[in-house]
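[1] Build the 3D model from these lines:
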Amino acid sequence: MRLVRFAAGAVAAIGVIRDADDRGAQVVDITDISPVPADSWPPVADVALIAAFDELRPRIVEALATRPGVALTLVRLLAPVGWPSKLLAYPANYHAHIAEMTSKNRADRNGFFLKTPSSLSGPADPIVLPDLPGREIHHECELAIIVGRGGRHISRADALGHIFGYSCLIDVTVRGSEERVMRKSYDTFTPLGPWIVTADEIADPDHLDLALTVNGELRQKANTRSLIVDVREMIVLASSVTTLHPGDVIATGTPEGVGPLRAGDEVTITIESVGTMSVPVVQGVGGTNIAFEYESRTSGNQPTPSIGA
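    As a prediction, this is how the structure comes out:
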């Protein structure tokens, strides 16, 4: 099953994708099935549905079979999770990426970091580059894990049972020596989508091909079997520190091939059995701050290389 969020006037609606034979994919609205109204604040109707998905699944399946749909091409998709309690990410989780970054970090030694949930954007939203002269801003191709059943101190044997599904994620990064969280947390720096594929449709998340192109040029290509910390262990590691909640998003790390983004680019990420998402890149205004200005002043406008992914 593929779960989406889409724009419906002033609110974010929830839908599931139905492949409608020769008419193309359709979105079936299931917003009313969520235990939380779509116009609530904070906007967590999708998170509430994920939390209660096992209980609500019969109603969702019935809606998918009986309700009318709208052509997918006619709706504006949003990030499939809008307000997660946490957005965790694993840096330096592929050996070849560690080598290209000449990084001393490794995910199994350094653990995870956090990005701000407000950095999430959807498959219809552009990546907006901040105005940071002299800085490279890179793409990173990643599989996203969406937590379905929360918990703490989750065992490896139980880890996959806590996953609701998977999505495509692009981790956008300003290169430099400042704190990783700040360099990765600009608004629009975490495109997520185009939907969540539920975990029952993914036979093995540790054997998925993933690729990223910029303007049709292949930049990144790998398979999740090369992860240093695999999908199960990411759940184990994260839950040893923090309680995971339904809707939490975990970025699993990027393979080699990261590179700069420029205004006018189109970035496309494809993950086997999950989907494809293409987003444009535009130049924004503002975004500099005292930290970035300090490095520019003290390094002759030559930023220090990033110390991590």
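[2] What residues sit buried inside stretch 37-47?
    Buried residues in stretch 37-47, counted by 16 or more other Cβ atoms under 10 Å: Ala38, Pro43, Val44, Ala45, Asp46, Val47. Where C-beta positions appear, they are placed from N, C-alpha and C, glycine not excepted.
[3] Check which residues of stretch 191-211 are buried.
    191-199, 202, 205-206, 208, 210-211.
[4] Show only the entries of those found in strands.
    Pro191, Leu192, Gly193, Pro194, Trp195, Ile196, Val197, Thr198, Leu210, Ala211 (DSSP state E).
[5] For the second one, which non-adjacent residue is spatially closest?
    When the adjacent residues along the chain are set aside, Leu192 lies closest to Ala79, with 4.5 Å between them (Cβ to Cβ, 6 or more residues apart in numbering).
[6] I'd like the distance between that neighbour and Thr243.
    Counting by Cβ to Cβ, to the nearest Å, the gap between Ala79 and Thr243 amounts to 23 Å.
[7] which one of those two has more residues nearby?
    Legend: neighbour count by other Cβ atoms under 10 Å for Ala79 and Thr243, higher for Ala79 (26 against 14).
[8] ok, now how distant is the more buried one from Ala159?
    From Ala79 to Ala159 the distance is 24 Å (Cβ to Cβ).
[9] low-confidence ranges in the stretch 151-300 of the chain?
    296-300 (pLDDT under 70).
[10] make it 90
    292-300 (pLDDT under 90).
[11] Quick one: the helices in it, in order.
    180-183, 231-241, 290-298 (DSSP state H, counting those that start in this stretch).
[12] next one: the longest one to chain centre, how far?
    For helix 231-241, the distance from its own C-alpha centre to the chain's C-alpha centre is 17 Å (Cα atoms, centre = their mean, to the nearest Å).
[13] and for it, what are the contacting residues?
    88, 90, 108, 111-112, 143, 145, 147, 151-156, 159-160, 162-163, 205-206, 224, 229, 244, 250, 252 (Cβ atoms under 8 Å, 6 or more residues apart in numbering).
[14] so of those, which ones are in strands?
    Among the contacts of helix 231-241, the members found in strands (DSSP E) are Leu88, Leu143, Ile145, Val147, Ile163, Ile250.
[15] what residues are up against the third one?
    Right, the one you point to is Ile145. Applying Cβ under 8 Å, 6+ apart, the residues near Ile145 are Ile163, Tyr166, Pro205, Val231, Met234, Ile235, Val249, Ile250, Thr252.
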